[in-house]
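Participant: have a look at this prediction, sequence included:
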Amino acid sequence: MENQDATTQTNLQTVRDKIKSKKNLEIDINFSYRFIDSAKKEINDIEKFLWNNCQHDWIHLDDGDYYSKIKYHCSICNLYKNGYMYN
Ligand SMILES: [Zn+2]
């Protein structure tokens, strides 16, 4: 009986540890999502700036997609020739 109590106690501790680990991982995931959102926003701002400030050198974009609406990209900043994407 004493042995069984010890096992129950160990299990209880393991359960508590797992709950704590899960919570920490969830916090990490939320932190990562917020980081991704802010990095995406920063990339958008940079692309907007590049669209307006780079002396674009448009070259034909050969991405193998014949039906693609985007036919050019800039050899300097690498943006696609589609202002709609950056405004
Ligand atoms: Zn450019």
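Facilitator: Happy to help now that I have it.
Participant: just confirm I76 is within a strand.
Facilitator: No: per DSSP: H, G, I helix; E, B strand; the rest coil, I76 lies outside any strand segment and is coil.
Participant: backbone torsions only: list them for the residue nearest the centre of the chain.
Facilitator: The structure's the chain has its C-alpha centroid closest to I36; by CA atoms, centre = their mean the separation is 4.1 Å. Backbone dihedrals for I36, given as degrees, to the nearest 10, come out at phi -60, psi -50.
Participant: what is the neighbour count of W51?
Facilitator: Applying other CB atoms under 10 Å, we find 19 residues neighbouring W51. All C-beta atoms are positioned from the backbone trio N, CA, C, and that covers glycine.
Participant: where's it relative to Y86, distance?
Facilitator: 4 Å (CB to CB, to the nearest Å).
Participant: got any residues that touch both of these two?
Facilitator: Shared contacts of W51 and Y86 (CB atoms under 8 Å, 6 or more residues apart in numbering): L79.
Participant: got the CA positions of stretch 13-30 in PDB?
Facilitator: The C-alpha trace of stretch 13-30 is given here as PDB (Å, rounded to 0.1, in the frame of the first residue of the first chain):
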ATOM      1  CA  GLN A  13       4.300  15.100  -9.900                       C
ATOM      2  CA  THR A  14       4.700  14.000 -13.500                       C
ATOM      3  CA  VAL A  15       1.200  15.300 -14.300                       C
ATOM      4  CA  ARG A  16       2.100  18.700 -12.700                       C
ATOM      5  CA  ASP A  17       5.300  18.800 -14.700                       C
ATOM      6  CA  LYS A  18       3.600  18.000 -18.000                       C
ATOM      7  CA  ILE A  19       1.000  20.700 -17.400                       C
ATOM      8  CA  LYS A  20       3.700  23.200 -16.700                       C
ATOM      9  CA  SER A  21       5.700  22.100 -19.800                       C
ATOM     10  CA  LYS A  22       2.500  22.400 -21.900                       C
ATOM     11  CA  LYS A  23       1.900  25.900 -20.600                       C
ATOM     12  CA  ASN A  24       5.500  27.000 -21.300                       C
ATOM     13  CA  LEU A  25       5.300  25.700 -24.800                       C
ATOM     14  CA  GLU A  26       2.000  27.500 -25.400                       C
ATOM     15  CA  ILE A  27       3.600  30.700 -24.200                       C
ATOM     16  CA  ASP A  28       6.500  30.100 -26.600                       C
ATOM     17  CA  ILE A  29       4.100  29.500 -29.500                       C
ATOM     18  CA  ASN A  30       2.300  32.800 -28.700                       C
END
